[in-house]
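1. okay, predicted coordinates and the sequence, questions at the end:
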Amino acid sequence: MTVKTWIVGVFFLLIFQGNAFADKILMKNGDRLRGTVESVKDGVLILKTDYSESIKIQTSGIKKILTSKSNSIHMKNGEILRGRILPGKIDQILIEGSPGRGETALTWEEVAAINPPPNKWHGSLSVGGTLDSGNTERVAASFGAKAKRRFKNDRIVFNFLTRYAEEDDKISARNTYGDMKFSHFFSDQWYVYLGMELLSDTFKDLHLRTTIGPGLGYQIWEDDIKELSFEAGASYFSEDRINSPDLQFATARFAANYSHKITSHLTFTDQMVIFPSLENFGDHTLRNEAAINTHLKNGWTVIFANIWERDSAPSPGIKKDDLQWLVSLGYVF
């Protein structure tokens, strides 16, 4: 029996007690925890237990750790190690050796993540509608979709929303909005992006409004609880109008994206974008979508949303501001 095996055995038998198949953590303050190490990110370890909800632990407070199964350890230098985590020196972890590689000692500062979730699409689908009959004959329906995929240095985002309404057999609303954006991070917080936004609205005299262009963004927060980013760039602005003359000109673009998971059942989001004209001072278009998501069970959610759209120079006879209130049932994936 090697000295290292003996040390691991003593740690396993004496420092911890209980389920032999659980991962075990000894904190610097003397607390001992058992469970399954789910992940580590941004200096926070998530420990899944069978006696409470998952526990968040600051890695700076960990003295020793031992896992019963192999883990995927992603280092900040890009290297990926796989193996059980063994107790090392204080403020270090020891990665079990494998054929062709001996045991590797790491500090927590060298670790970017442990067991990071696979890159996959996250988003939601939502459907809303109303039906009135009697003195007022009215039907309204909406369908929306949001999707995002985050890679190590890239992010792709899609949004889509379409609405239709009839009142007394006359169409009273028909519009569709969509945006797509690709972002590339060249640091932890700074990124460049290329985005495109589309809007079709019969009652705004718009066959299609198109904006497309690059820009620079700064990500202040991006974690499981909150997100906040600001963007600035330039765009080509085009309006294919139904009755009025078409428009094409250059604009600036400023945007803010915010999300906050207030509780496990309540999330607030807000996305604002404004396009000020670079040719006609004061002319601009703006869109702000604020929503409250009330999370139900099994991925279902009820969404209360308000959308404010403003065009400072609309077609003749068209109002500058539009407000939409939506209530819909959604499914989060």
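-> Cool, got the structure.

2. can you name the residues bridging to the residue most central in space within the chain?
-> Central residue of the chain (Cα atoms, centre = their mean): K148, 6.6 Å from the mean position. Assessed by DSSP bridges, K148 has beta-bridge partners H122, V157.

3. who's in contact with it?
-> W121, H122, G123, R155, I156, V157, F158 (Cβ atoms under 8 Å, 6 or more residues apart in numbering). (Each C-beta comes from the backbone N, C-alpha and C, glycine too.)

4. repeat that for 6 Å
-> Applying Cβ atoms under 6 Å, 6 or more residues apart in numbering to K148 gives the contacts H122, G123, V157.

5. want to throw these into a markdown table with distance to G282, pLDDT and neighbour count?
-> Output for these, formatted as a markdown table (distance: Cβ to Cβ, whole Å; pLDDT from 0 to 100; neighbours: other Cβ atoms under 10 Å):
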| residue | distance to G282 | pLDDT | neighbour count |
| --- | --- | --- | --- |
| H122 | 39 | 91 | 12 |
| G123 | 36 | 94 | 16 |
| V157 | 30 | 97 | 19 |
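
6. so what's the residue count around R209?
-> R209 has 21 neighbouring residues, counting by other Cβ atoms under 10 Å.

7. now do the SS call for the closest residue to it other than its chain neighbours.
-> Leaving aside its sequence neighbours, R209 sits nearest to L199 (Cβ to Cβ, 6 or more residues apart in numbering; 4.3 Å). Put simply, L199 is strand when judged by DSSP: H, G, I helix; E, B strand; the rest coil.

8. ok, so of the contacts of K148, who is nearest A291?
-> For those, the minimum distance to A291 (Cβ to Cβ) is 13.4 Å, reached by G123.

9. next up, the contacts around that closest one.
-> Counting by Cβ under 6 Å, 6+ apart, G123 makes contact with K146, A147, K148.

10. mind redoing it with 10 Å?
-> Neighbouring residues of G123 by Cβ atoms under 10 Å, 6 or more residues apart in numbering: A145, K146, A147, K148, R149, V157, F158, N159, G330, Y331, V332, F333.

11. okay if I get those residues as TSV plus distance to K170?
-> Shown next, in TSV, are the contacts of G123 (distance: Cβ to Cβ, whole Å):
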residue	distance to K170
A145	28
K146	31
A147	34
K148	38
R149	41
V157	36
F158	32
N159	29
G330	29
Y331	32
V332	35
F333	37
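
12. strands of the stretch 151-300 of the chain, start to end?
-> Assigned by DSSP state E, counting those that start in this stretch, the strands in the stretch 151-300 of the chain fall at 154-167, 170-185, 190-201, 206-222, 226-241, 247-263, 266-276, 284-295, 300-311.

13. turn these into CSV, columns for distance to H74.
-> CSV is the format used below for those (distance: least, Cβ to Cβ, whole Å):
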stretch, distance to H74
strand 154-167, 16
strand 170-185, 16
strand 190-201, 20
strand 206-222, 17
strand 226-241, 21
strand 247-263, 24
strand 266-276, 27
strand 284-295, 29
strand 300-311, 31
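
14. how is the chain partitioned into domains?
-> Under automatic domain parsing, the residue ranges defining each domain of the chain are 3-114, 122-332.

15. would you single out the least confident of those domains?
-> With a mean of 83, domain 3-114 has the lowest mean pLDDT of the domains of the chain.

16. helices of the stretch 1-150 of the chain, start to end?
-> Along the stretch 1-150 of the chain, the stretches classed as helices by DSSP state H, counting those that start in this stretch are 3-10.

17. what about the residue nearest to L66 when sequence neighbours are not counted, how many neighbours?
-> Distances taken as Cβ to Cβ, 6+ apart place K24 nearest to L66, at 4.9 Å, with adjacent residues excluded. K24: 23 surrounding residues under other Cβ under 10 Å.

18. likewise K297?
-> K297 has 7 nearby residues by other Cβ under 10 Å.

19. quick one, what contacts the nearest residue to G97 once chain neighbours are set aside?
-> Spatially, and ignoring its direct neighbours in sequence, G97 is nearest to E103 (4.5 Å; Cβ to Cβ, 6+ apart). Counting by Cβ under 10 Å, 6+ apart, E103 makes contact with K4, G83, L86, G88, L94, I95, E96, G97.

20. now A250
-> G213, A234, S235, Y236, F237, F275, S277, L278, E279.

21. for the last one, give me its contacts.
-> This points to E279. F237, Q248, F249, A250, T251.

22. where's the first one relative to G213, distance?
-> Here the distance between F237 and G213 works out to 9 Å (Cβ to Cβ, to the nearest Å).

23. ok, of the contacts of E279, which one's closest to Y51?
-> Using Cβ to Cβ, the contacts of E279 come closest to Y51 at T251, 56.2 Å.

24. lovely, talk soon.
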